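Novice: quick one, what's the 3D model for this:
(chains A, B, C and D)
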2 protein chains.
Amino acid sequence: MSSENRSELVDQLMSAMRNQAGRGLMLHGAVAERFGLNFTDLKCLDLLRSEPELTAGRIAAATGLSTSAVTTVLDRLERRGFVERRRAPEDRRKVVVVPTGRHDAEMQELFAEFGDEVMAILRDYDDERLGFLLEVINRLDGAAREATARITAGNRA
Amino acid sequence: MSSENRSELVDQLMSAMRNQAGRGLMLHGAVAERFGLNFTDLKCLDLLRSEPELTAGRIAAATGLSTSAVTTVLDRLERRGFVERRRAPEDRRKVVVVPTGRHDAEMQELFAEFGDEVMAILRDYDDERLGFLLEVINRLDGAAREATARITAGNRA
DNA sequence: TCGGATATTTCGAAGGATCGGAATATCCGC
DNA sequence: GCGGATATTCCGATCCTTCGAAATATCCGA
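Specialist: Numbering: from 1, shown residues only, chains lettered A, B, ... in the order given. Got it, this is the predicted structure:
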């Protein structure tokens, strides 16, 4: 019956989402390898996308790394041309990490086909559908954010 | 107008998906830390979910690791109780990697709240909506799979 | 059954990541 | 301006991961 289909549907969705999470891991790994980065570096770069005025200390707090470890991460990222260090004008002890965008072109090229495919997929649906999709993704993201915080907190304890 | 909204919608979706990818990275990292695993280990565990009769050699091929590196990965996973090694009956040189499920309960507990939240979100939509969601996720997963393969291939070259 | 091929493991070495603590530079309140 | 607090970096040490090459076990064809 309907409730039968329903639970099956939910199961399939859960499974699909897990698959996708794993796939994302692989994709990130492949990208990281291409640019000579490791997962830790990627995590830091990712922070950077959401926090524009990111400082070294913030990275340490957010990732759970020691401050000295963050220094070497930044060394790596800077050496590879992903970020620059700038002293904060209002507090010159702080180091703000600024993305250089130097690899944007290469990154774009790397994801060109993928982006096209995603675009092609989205084209198949109308605005109303996409609005729904956006809503769900954002809600799921919120849940994932909380889960991450919870687990991280548990790890420290 | 509509085309204005449309492109904005698409942009938001792309951005949301990127966010989600980053979030997944964080979540995986937190889980890995909890269980004393690293990202490489996770990748291998993930392979296991999609390929039940996974052998050590297959892992090496799929991850790009050396066979000796895979041995140590399996040592780790086995020591922590995630997998068991079994000799393949039809070719006793091969080692098939079997998940033990020993951490399933703990994992379940770790994701309990998250799972509940996801369920709660899904409950807000009817079957037709969820069917659409499943379709999109699967299509996106296919695209991501191809992208990963492409990038990995490029890395080897 | 012998010998080359295949799957995995062991071994030794090398490189990388991370840590804690000392050092340096800067800020801020007194 | 001094002294304690804060942000980051430097240093030395350790642990972990990975690798290549050699060793081991097994398979398969001649």
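
Novice: give me the distance between A:Ala112 and B:Ile151.
Specialist: Distance from A:Ala112 to B:Ile151, counting by Cβ to Cβ, to the nearest Å: 11 Å. (C-beta placed from N, C-alpha, C; glycine too.)

Novice: tell me which residue lies nearest the centroid of chain A.
Specialist: Compute the mean C-alpha point of chain A, and by Cα atoms, centre = their mean the closest residue is A:Asp46, 4.6 Å away.

Novice: what about whichever strand or helix holds it and chain B, any contact?
Specialist: Following DSSP states H and E, one finds A:Asp46 within helix A:39-50. Yes. Using Cβ under 8 Å from any Cβ of the partner chain, we find that helix A:39-50 touches chain B at A:Phe39, A:Leu42, A:Lys43, A:Asp46, A:Arg49, A:Ser50.

Novice: give the contact list for A:Val95.
Specialist: For A:Val95, the contacting residues are A:Thr55, A:Ala56, A:Leu74, A:Arg85, A:Arg86, A:Arg87, A:Ala88, taking Cβ atoms under 8 Å, 6 or more residues apart in numbering or on different chains as the criterion.

Novice: actually, A:Glu33.
Specialist: Applying Cβ under 8 Å, 6+ apart, we find A:Glu33 in contact with B:Gly64, B:Thr152, B:Asn155.

Novice: relative to DNA strand D, which of those is nearest.
Specialist: Comparing those against DNA strand D with Cβ to the nearest atom of the strand picks out B:Gly64 as the nearest, at 6.5 Å.

Novice: I'd say that closest one and B:Asn155 touch.
Specialist: Yes. Counting by Cβ atoms under 8 Å, B:Asn155 is a contact partner of B:Gly64 at 7.4 Å.

Novice: gap between the longest helix seen in chain A and the chain center?
Specialist: The single longest helix within chain A, with elements called by DSSP state H, is helix A:2-34. If you compare the mean C-alpha spot of helix A:2-34 with that of the full chain, they lie 16 Å apart, counting by Cα atoms, centre = their mean, to the nearest Å.

Novice: quick check: mean pLDDT across it?
Specialist: Over the span of helix A:2-34, the pLDDT mean works out to 87.

Novice: and that helix, what's buried?
Specialist: Residues A:9-10, A:12-13, A:16-17, A:19-34 are the ones in helix A:2-34 that count as buried (16 or more other Cβ atoms under 10 Å in any protein chain shown).

Novice: ok, now which ones touch A:Met107?
Specialist: By Cβ under 8 Å, 6+ apart, A:Met107 lies in contact with A:Val31.

Novice: how far away is it from A:Gly115?
Specialist: 11 Å.

Novice: A:Asp127 now?
Specialist: For A:Asp127 relative to A:Gly115 (Cβ to Cβ), the value is 20 Å.

Novice: returning to that earlier point: of the contacts of A:Val95 - the most surrounded one?
Specialist: Looking at the contacts of A:Val95 with neighbours defined as other Cβ atoms under 10 Å in any protein chain shown, the largest count falls to A:Leu74 at 20 neighbours.

Novice: was I right about that one contacting A:Arg86?
Specialist: No. Using Cβ under 8 Å, A:Leu74 is not in contact with A:Arg86, being 11.6 Å away.

Novice: find residues that contact each of these two.
Specialist: Shared contacts of A:Leu74 and A:Arg86, defined by Cβ under 8 Å, 6+ apart, comprise A:Val95, A:Val97.

Novice: please pull out the lowest mean pLDDT helix or strand from chain A.
Specialist: Per-element confidence for chain A was summarised using mean pLDDT, DSSP states H and E. The lowest value among helices and strands belongs to helix A:2-34, with a mean of 87.

Novice: domains in chain A, by residue range?
Specialist: Structural domains of chain A, as assigned by automatic domain parsing, span the residue ranges A:1-34, A:37-102.

Novice: from the chain's centroid, how far away is the shortest one?
Specialist: What that stands for is domain A:1-34. The gap between the average C-alpha position of domain A:1-34 and the chain average comes to 17 Å, counting by Cα atoms, centre = their mean.

Novice: and that domain, does that touch DNA strand D?
Specialist: No. Domain A:1-34 is not in contact with DNA strand D by Cβ under 7 Å from any atom of the strand; minimum separation 9.9 Å.

Novice: hang on, A:Arg86 in a strand?
Specialist: Yes. Going by DSSP: H, G, I helix; E, B strand; the rest coil, the assignment for A:Arg86 places it inside a strand.

Novice: please tell me I have it right and it contacts A:Val98.
Specialist: Yes. Under the contact definition of Cβ under 8 Å, A:Arg86 touches A:Val98, with a separation of 5.6 Å.

Novice: who are the contact partners of the residue nearest to A:Thr63 when sequence neighbours are not counted?
Specialist: The shortest distance from A:Thr63 to any residue that is not its chain neighbour, by Cβ to Cβ, 6 or more residues apart in numbering or on different chains, is 5.9 Å, and that residue is A:Lys43. Listed by Cβ under 8 Å, 6+ apart, the contact partners of A:Lys43 are A:Thr63, B:Leu25, B:Met26, B:Gly29.
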